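Chemist: Take a look and give me a structure for this.
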Amino acid sequence: QVQLLESGGGLVQAGGSLRLSCVASGRTFSSFFMGWFRQAPGKEREFVAAIKWSGSSVYYADSVRGRFTISRDNAKNTVYLQMNSLKPEDTAVYYCAADQSWPYNDYDRARSYEYWGQGTQVTVSS
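Modeler: Take a look at the predicted model:
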């Protein structure tokens, strides 16, 4: 079992930046690959970014590549999502997710992650 707690959301103007954090507890953090997803009102949850155990491999949705950066600090049991050049369409609840078994090409599928945080709201005003 692992517990995930996100923080860092808020209200920001278009073009601004935010850094989300997700702290994990309960199991060995370095044994989990981590992902960020988001869900806007009336829309399905969508993949944002993922990072493997050591942080050597990262993956992004096309919509955020070049603007967002995922990273992790295994010593702090924390995964980050640095979000730059934010757009109004980035407005959503952002969720941190974790699992131990790498799903290969399905890393962008919510069903590939067993553990989820409660989410943090990100609102980008135009």
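Chemist: Would you agree S126 is in contact with A14?
Modeler: Yes. Between S126 and A14 there is a contact under Cβ atoms under 8 Å: 5.3 Å. Any C-beta I mention is one placed from the backbone N, CA and C, and that applies to glycine too.
Chemist: Is the residue nearest the centre of the chain within a helix or a strand, and which one?
Modeler: With distances taken as Cα atoms, centre = their mean, W36 lies nearest the centre of the chain, 2.0 Å away. Per DSSP states H and E, W36 falls inside strand 33-39.
Chemist: Over to S21?
Modeler: S21 belongs to strand 18-25, assigned by DSSP H and E.
Chemist: Next, the angle from that strand to strand 33-39.
Modeler: Per axes from the mean of the first three to the mean of the last three Cα atoms, to 10 degrees, the angle that strand 18-25 makes with strand 33-39 is 130 degrees.
Chemist: for strand 18-25, packing partners?
Modeler: strand 3-7, strand 33-39, strand 78-83, strand 92-99, strand 120-125 (3 or more Cβ pairs under 8 Å, 6 or more residues apart in numbering; DSSP states H and E).
Chemist: Give me the contact list for the longest one.
Modeler: What that stands for is strand 92-99. 2, 4, 6, 9, 20, 22, 24, 32-40, 43, 45, 48, 79, 81, 110, 112-122 (Cβ atoms under 8 Å, 6 or more residues apart in numbering).
Chemist: Please spell out which residues along the strand holding W36 are buried.
Modeler: Buried residues in strand 33-39, counted by 16 or more other Cβ atoms under 10 Å: 33-38.
Chemist: what's the spacing between it and its chain's center?
Modeler: 4 Å (Cα atoms, centre = their mean, to the nearest Å).
Chemist: CA atoms of that strand as CSV?
Modeler: In CSV, the C-alpha atoms belonging to strand 33-39 read as follows (Å, rounded to 0.1, in the frame of the first residue of the first chain):
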residue,chain,number,x,y,z
PHE,A,33,7.0,4.4,-11.4
MET,A,34,5.0,7.6,-11.2
GLY,A,35,2.5,9.4,-13.3
TRP,A,36,0.6,12.7,-13.5
PHE,A,37,-2.9,12.8,-14.9
ARG,A,38,-5.5,15.6,-15.1
GLN,A,39,-9.2,15.8,-15.3
